[in-house]
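[1] here's my sequence, what's the structure:
(4 chains, ligands or ions: 2)
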Amino acid sequence: MPFIPHTEDDIREMLAAIGVPDLDTLFDEIPPELRAGSLRPMPPALQEMEIGRLMQDRAGRDQTGPCFIGAGAYQHHVPAAVWQLATRGEFYSAYTPYQAEASQGTLQLIYEYQSMMCGLMAMEVSNASLYDGASGLGEAMLMAIRANQKVRSGRILVADSLHPVYRQVAQAVVGNQGVTLESLPLEPASGVVDVAALPLLDDVVAVVIPQPNFFGRLEAVDRLTDWAHAAGALVIGVVNPLAMALLKPPGDWGEHGADIACGDGQPLGVPLSSGGPYYGFLCCRRSMVRRMPGRIVGRTVDLDGVEGYTLTLQAREQHIRRSRATSNICTNQGLVVTASTIHMALLGAEGLRRVAACCHERTRTLVRNLCELPGVRALHQGACFHERALDLGQPAEPVLERLARRGLLGGYPLGQHDPALANGVLVCATEVITDSDIRAYRDALADILREAA
Amino acid sequence: MPFIPHTEDDIREMLAAIGVPDLDTLFDEIPPELRAGSLRPMPPALQEMEIGRLMQDRAGRDQTGPCFIGAGAYQHHVPAAVWQLATRGEFYSAYTPYQAEASQGTLQLIYEYQSMMCGLMAMEVSNASLYDGASGLGEAMLMAIRANQKVRSGRILVADSLHPVYRQVAQAVVGNQGVTLESLPLEPASGVVDVAALPLLDDVVAVVIPQPNFFGRLEAVDRLTDWAHAAGALVIGVVNPLAMALLKPPGDWGEHGADIACGDGQPLGVPLSSGGPYYGFLCCRRSMVRRMPGRIVGRTVDLDGVEGYTLTLQAREQHIRRSRATSNICTNQGLVVTASTIHMALLGAEGLRRVAACCHERTRTLVRNLCELPGVRALHQGACFHERALDLGQPAEPVLERLARRGLLGGYPLGQHDPALANGVLVCATEVITDSDIRAYRDALADILREAA
Amino acid sequence: MRQDRLIFDQGRPGRRAQVQAPAASPDTGDLPPEALRRQPPCLPEVSELQAVRHYTRLSQKNFSIDTQFYPLGSCTMKYNPRASNSLAMLPGFLQRHPWAPAAQSQGFLACVQELQEMLCTVTGLAEFSLTPMAGAQGEFAGVAMIRAYHQARGDSERTEILVPDAAHGTNPATAVMCGFTVRELPTDADGDVDMQALREALGPKTAGIMLTNPSTLGVFERRIREMADLVHEAGGLLYYDGANLNAILGKSRPGDMGFDVIHINLHKTFSTPHGGGGPGAGAIGAGERLQGFLPIPMAGRDGDHYRWLTETDRPQSIGRLSAFMGNAGVILRAYVYARMLGAEGMVRVAEFATLNANYLMSRLRAEGFQVWFPQRRASHEFIISLKRESRDLGVGAMDVAKRLLDYGYHAPTAYFPLLVPECLLIEPTETETREELDGFVDAMVAIRQEARRDPELVQGAPHRLPVRRLDEVRAARELDLRWTPDA
Amino acid sequence: MRQDRLIFDQGRPGRRAQVQAPAASPDTGDLPPEALRRQPPCLPEVSELQAVRHYTRLSQKNFSIDTQFYPLGSCTMKYNPRASNSLAMLPGFLQRHPWAPAAQSQGFLACVQELQEMLCTVTGLAEFSLTPMAGAQGEFAGVAMIRAYHQARGDSERTEILVPDAAHGTNPATAVMCGFTVRELPTDADGDVDMQALREALGPKTAGIMLTNPSTLGVFERRIREMADLVHEAGGLLYYDGANLNAILGKSRPGDMGFDVIHINLHKTFSTPHGGGGPGAGAIGAGERLQGFLPIPMAGRDGDHYRWLTETDRPQSIGRLSAFMGNAGVILRAYVYARMLGAEGMVRVAEFATLNANYLMSRLRAEGFQVWFPQRRASHEFIISLKRESRDLGVGAMDVAKRLLDYGYHAPTAYFPLLVPECLLIEPTETETREELDGFVDAMVAIRQEARRDPELVQGAPHRLPVRRLDEVRAARELDLRWTPDA
Ligand SMILES: Cc1ncc(COP(=O)(O)O)c(C=O)c1O
Ligand SMILES: Cc1ncc(COP(=O)(O)O)c(C=O)c1O
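    Ligands and ions are numbered 1, 2, ... in the order given. Have a look, this model is predicted:
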């Protein structure tokens, strides 16, 4: 009986204490017709050794060489200390810190996290996390709707340069509440929103601006922010938090700064792990904090005046406010935030800046190398951070498949979102990519393009 | 400056507090001619990410398929909890528990370890560990010399069926103190000491009896023990501790039990890891405890009468008794004992018994399969535990090399200890070996023997 | 004596863990100056040892399953196998990019697909998607699917979701997030949904109903088939909140009860850790009516080959709820757990969770505590009310909860469900020993004695934790939500 | 309130962690009945959760580097990088069988061989063997090599090893284990070895001398070259106890000082963890005279190929000290650490260890504590004596040490070296911040104030730990060394 400590004696004595003859009687309130039969087909129980072998085999099967895919998830070095600490039983197996006195470790850590995230985003308030960047954007939109009481249209303008999956997810989150997402078009040649040709803005709740955008390109965030604010719209910045060690953070955009900053915390100490668990961060102005979804930790004092930490503003949340809560979120991504906090503490501002600068340099080197190959060129001109779209001069998907067969994950095929970009691939090189990885990519790509030619 | 927290300000202010102008001045008592020059050749510093890549590469290079080697180190399933707990910072980075009040975790754990080891060996006293099984045997011999005050010859009789490397190591440990190791011969056909032809025993301090022996064979431990005791010699049992979950433990050998039990703790939760760190366990009669080397933990009470644990009988040890100590050992194998204690707690008597029985069954299945091949036969008749010597009918080393090239570690070549056994290989299958591993071995061996024929 | 100051207060300008970032500091090349950050962010400046020491020490201030018993109703705080952790964190899994092609992801996909199937078997539903990242997102998916179903049929009048008053807060909150209005159903004296009220509430506006079974009152909803028939007849659909599935795992299947869609908290029933608040996973399963609407991606299987099912395969899907496929690492942990249980193990989960709960209930009742539904079997959890103690001694549920912390037990869920006064919702789970339960009873008895002798002792609890009772009013009024360099 | 009972007391007959052992119980087949165990051993019978909870809780009762500052002289308790742990525990390393052929072990062998070379560079010796499993076994190897050297030359009269009186206990104990008699050398007023006494002690019986430098008194032995010449002239050899190498790493090399053989505690200078008492590694290096005698196996290199050097390559070797090659996992940790430091990092270890020690010494002196060798530079450690406090206040070194625990600092090494009364040997190491050192000074000052105001408070310390001062006399007299079912 895996994980069940009861001995035969225990069972007998416990049943006697309850006053039932057998275990089955405990289920006598379940109507007979609802009693489950056999659980076939269900594989037989495995010992830890057996499942260990199975998982090792499966994990080994998936291991591949260098990865040049980004598109929302980035491979970075994570200090060994990060997850060794985060998986300590006291973090790993703790419950949500509702009992504050028994959760000061987690609560102080989240307070530190909130402080770090505010620092990185140059914002005033951070919550304790949402599920991921994409669904978090949906929550940010709903928050904007609640916060911007002057505009009741339910219209939100989303830059077309936002990661397409983020847009899909946000749509799924907000769609049932009468919110409509509209497009702020992208100039195809430059890969950014054309600030020279901004539409007239009217009756829009909020504008969503990515930085860097899906193509790795840098948006004119100052101009866009001021333009949106001028028309009474709020600004939601969707950013790569690592990039914010180097780039202008949302709180500093334009005259007054963005109103809400969100994105995915994955680049801050979270392994790729097939897409999750990551976490969504969410920051805003202090004036909006009561509209915020998710948990928030505050510093206070105890009966003796000793400093301590507790969940606060819980009246926003579902367990108190129920149908009038700011969101239905309950369980969030606590442990990932724990790891990420430790990661940020270890790297510090200078460490993160170096990592960001190094990623930038690596991607530029990669792009330079690949663009030396005949037929390969950058899709957009202008500065990029972290990733860049290339045109391979031929359909990208088959090329990527062949690269994969050589153990190289060569990038993200753009054609799946826009058939016009079928030759396009989004490449990314982080600090973990070496010169020899880049050479290997270039050489393999050269071969493959040559074969195809 | 890896791992050094000093800022420029710190350095300046600290030098000022000391009253020296620079760091170099702190070394002004070192005569100039002794100041080191450059540390070339020394590789340049690596970031954690870089050394991570290097080590991953090296570890990956060594990974191989199933392992049929035993000969002193055995691959067993180790519950995931074991090392996740043992590497918690509070165990991993703690010092020796000299400050008992600040070390109750480690001390209670060692007390539990001592209790478990006594249970497993059916002995009265256990110490807190020695370096490994082989060097521990040397310490056991020195302890026997101190304990057996009736015999001052310094002669110790060692069964030839003991692991040859254990004998070499014990020789290196005791050789400088005038102790002589003599041979208790082995009957080649049966692979055990011939109890029908035991020599006359006289003026011998102790007899060393392995169980199971080097060839996996079971010695007639009861007869041997009584025979040694009758002649005034002490009995030192060298055992595989896992086997003791199934086999008669040293404390129960013969009429009065062995006097000392030792061996290597590796099979109890310690990964193969190239041979170490493992640990040597050492148990004895209570009457001999003051002759024991190594640390011992005792239970006592504090000022308030609360139970607690502390190192005890330290007057045996080098830091108190210096040149008259029972041994020079200081640092032992504490963390490995920590892991091993957790392992034993998780497996329990029944779990260990099942593992042992399963190893026995696996090895028998392996041997049965291999002996079906033409030319392959068991070297000895009679019961084995855990491993068995086979005769391949041709020199074993080249065969093993070919198996290795196919990703199979086929066993331990016996020829390196005894040229007469050049065709011999010691094979072992633990519970981690599957039927398909065994088939793979048989098929590969069949191929190789056929090619060679 | 030593306080654990904030990590920020331990820093010094210029200090850092030097091995963790590139040794050289590459220049920012072609980045336009106006795109750059002007001032470095305020982050801690500490050494590696400082960070390790700080967070190790902080961790020790937590209660956790690995250190304490957590009889926390509705939360199923059971043992989180350490093997799940190490196997989910094998390098091959950690390094897999979410966009890695299926051909390079067969190992991972196999785990996902097999877990989907196991969940179908154990719940009696037709198909599962594992993308929701917690229970509440699973609820969201389920209710959104109900909405999409009605819409697909052109049935746009159905604007109401029925929710029992005892329901978890996420249920009504979810209904609203999906654009519905909530209609609450009262509970009858036995803890079941009031059938008469249900009949009255049902009608052409009914989109569906959200239920847990066993309910958050800790009892099995006996007339569930009848309810299902009524709801279906009215044109509505049934949503099953699987937070309490632990109580009936393998014993009774929501699909057989008539539910159309269900979420399972893998971080409860399938023993993935709570992690101090998350991450979880809210796997969502559907019967025939709703399966086409399940969120994507899901893992599919063509013979020996596993692949992702996406928009193309599932045109009716409510879409994506996360950028990738949800909390993959949590799913792997659940998969490992499920495989270690196997069919037999699953049934035993329910049996022993129920045994523990009924035993603990019997013992507390025998000690004179007021069990709220004494005439009912406890499921995996049950409610006691401290109404009497509160009235007679001035010691309420929260006081007892806080005092339990001093005794080394995590407090049960207090003041939930809302309809029971001064209640504690107690769920011991199957992984705790009888001795642990007895110890808890002893603590409860001891605390009641303390409450009689010295109520202030209990009212002022906890006394043995890093802090005493915290001033939550001040926390909410004088908001201090982050460290700043000048504060 | 909750005691951490022994794991045995938490068991119940028949309980166990079922997933951890084979599901079936194979019969014992052909094993003869008389070879079998009659009764199962008394081992704990607990569930997996119980074991995890118990050992997690026990761990929290320890002080450790990851939670506290350890100014523990002679022990070099510095930060143990977490990367060393995870990289040494990569599956490929953990699964490697010690008898795996060299061809299948190139990755591991490369690490061993490269570490051997780095240790040569940093010590100025010709060759290293990494097999000794702790400092004391390194000493054993070194002194055994000295013995073998004299024997190989037919020089059998040399029966004495000289050891300064301040030496660590392992030094004289080792000499005796190698069959020598020990002759102690006194220390002069400055903390150096008394040269006159050395001259008198040297002679035809001198096999060698064992020294640490800086010595365990925390000072650099300035006349070391002169001593080396004297010893060598007398036909003896010099052994360097490298426990204090942290103080001079990269700054001065024992080989240049004239030492013939040296051990290095990798668990000190190379930052592998102490693990609550071990394992360590006592790498042993030799100059030209002794290199042939080094213990086997060592890693050798032929071009691109790494292999083991064994008896065949090294006929003069003192042989094997362990069944395999020593504490491989510790060696890997040290290798990772050494590579992260590189040449520059090594020098900085000594610089900042020395800076921290001298700073702490200056501050304590300024606060009025008696530094034992005030006229000398501290190396990486230094001594203060509480003779005055003991005399005037009745509060001795042990009392202050125990009270420091209450303040959250591990106690310095107390009463060692033996020749300084009421001494504390203090070694802060380079990985601690200045703030941590200042905090320690504050605690020392506060404790002295307490000793003046309320000496019993200090004498009765500790007060804030899981237990108060333990009765060691009773522990040794009423030996209770194991749990038994009947006790
Ligand atoms: C009954 C019930 N439903 C739903 C939820 C929400 O699940 P989650 O916290 O994973 O979002 C919970 C969680 O506590 C619950 O107990
Ligand atoms: C000076 C000195 N020499 C030798 C040793 C012995 O080293 P080990 O404990 O590794 O055997 C120590 C350990 O404390 C020491 O401080």
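[2] roughly how far does the closest residue to C:Ala401 other than its chain neighbours sit from chain B?
    Closest residue to C:Ala401 apart from its sequence neighbours, by Cβ to Cβ, 6 or more residues apart in numbering or on different chains: C:Ala411 at 3.4 Å. C-beta here means a position set from N, CA and C on the backbone, and glycine is covered the same way. Using Cβ to the nearest Cβ, to the nearest Å, C:Ala411 is found at 26 Å from chain B.
[3] got the phi/psi numbers for C:Ala411?
    phi -70, psi 150 (degrees, to the nearest 10).
[4] what about it, neighbour count?
    Using other Cβ atoms under 10 Å in any protein chain shown, C:Ala411 has 24 neighbouring residues.
[5] which residues sit in contact with it?
    A:99, A:102, C:72, C:400-402, C:404-405, C:424 (Cβ atoms under 8 Å, 6 or more residues apart in numbering or on different chains).
[6] please tell me which one of those counts the most neighbours.
    Counting neighbours by other Cβ under 10 Å, the top entry in those is A:Ala102, with 31 neighbours.
[7] which one is that one nearest to, not counting chain neighbours?
    Closest to A:Ala102 by Cβ to Cβ, 6+ apart is C:Phe63, at 4.0 Å.
[8] so which bits of the lowest-mean-pLDDT helix or strand in chain A are buried?
    Using mean pLDDT, DSSP states H and E, the weakest-scoring helix or strand in chain A turns out to be helix A:318-321, at a mean of 88. Using 16 or more other Cβ atoms under 10 Å in any protein chain shown as the burial criterion, the residues of helix A:318-321 that qualify are A:318-319, A:321.
[9] do stretch C:278-291 as well
    C:278-287, C:290-291.
[10] and if you look at stretch C:318-330?
    For stretch C:318-330, the neighbour count (16+ other Cβ under 10 Å) marks C:318-330 as buried.
[11] contact partners of the helix or strand hosting A:Glu182?
    Assigned by DSSP states H and E, A:Glu182 belongs to strand A:180-184. If you take Cβ under 8 Å, 6+ apart as the criterion, strand A:180-184 is touched by A:141, A:154-160, A:167, A:170-171, A:174, A:193, A:199, A:204, A:207-208.
[12] spell out whether stretch A:118-131 and chain C are in contact.
    Yes: using Cβ under 8 Å from any Cβ of the partner chain, stretch A:118-131 reaches chain C at A:118-120, A:122, A:124-126, A:128-129, A:131.
[13] now A:Leu366: how far from A:Arg439?
    Distance, A:Leu366 to A:Arg439, by Cβ to Cβ, to the nearest Å: 10 Å.
[14] let me fix that: C:Ala476
    C:Ala476 sits 58 Å away from A:Arg439, going by Cβ to Cβ.
[15] those two: which has the busier surroundings?
    C:Ala476 (18 against 11).
[16] give the helix, strand or coil label for the more buried one.
    The three-state label given to C:Ala476 by DSSP: H, G, I helix; E, B strand; the rest coil is helix.
[17] what's it in contact with, if anything?
    C:Ala476 touches A:298, A:312-313, A:315, counting by Cβ under 8 Å, 6+ apart.
[18] check A:Pro249 too.
    Going by Cβ under 8 Å, 6+ apart, A:Pro249 touches A:120-123, A:239, A:261, C:37, C:41.
[19] just C:Leu355 next, same as before
    Counting by Cβ under 8 Å, 6+ apart, the residues that C:Leu355 touches are A:6, A:11, A:14-15, A:18, A:23, A:26, C:430.
[20] show me the contacts of C:Ala476 that map onto strands.
    A:Gly298 (DSSP state E).
[21] confidence-wise, which of the contacts of C:Ala476 comes last?
    Ranked by pLDDT, those bottom out at A:Ala315, which scores 88.
[22] A:Arg322 is in contact with that one, correct?
    No: here A:Ala315 does not reach A:Arg322: they are 10.9 Å apart, not a contact under Cβ atoms under 8 Å.
[23] neighbour-wise, which of the two wins?
    A:Arg322 (23 against 12).
[24] pull the most distant pair out of the contacts of C:Ala476.
    For the contacts of C:Ala476, with distances taken as Cβ to Cβ, the pair at the greatest spread is A:Gly298 and A:Ala315 (12.9 Å).
[25] and the helices in the stretch 1-150 of chain A?
    A:8-18, A:48-62, A:80-86, A:89-92, A:104-121, A:133-147 (DSSP state H, counting those that start in this stretch).
[26] out of those, which gets nearest to chain B?
    helix A:48-62 (3.8 Å; Cβ to the nearest Cβ).
[27] avg pLDDT for that closest one?
    93.
[28] which strand or helix spans the residue nearest to C:Pro273 when sequence neighbours are not counted?
    The shortest distance from C:Pro273 to any non-neighbouring residue, by Cβ to Cβ, 6+ apart, is to C:Asn80 (4.2 Å). If you go by DSSP H and E, C:Asn80 is not part of any helix or strand.
[29] follow-up on the earlier one: list of residues touching the least confident helix or strand of chain A?
    A:314-315, A:325, A:327-330, C:136, C:168-170, C:172-173, C:416.
[30] what is the neighbour count of the nearest residue to C:Glu184 once chain neighbours are set aside?
    Spatial nearest neighbour of C:Glu184, excluding adjacent residues (Cβ to Cβ, 6+ apart): C:Asp165 at 4.9 Å. Using other Cβ under 10 Å, C:Asp165 is surrounded by 16 other residues.
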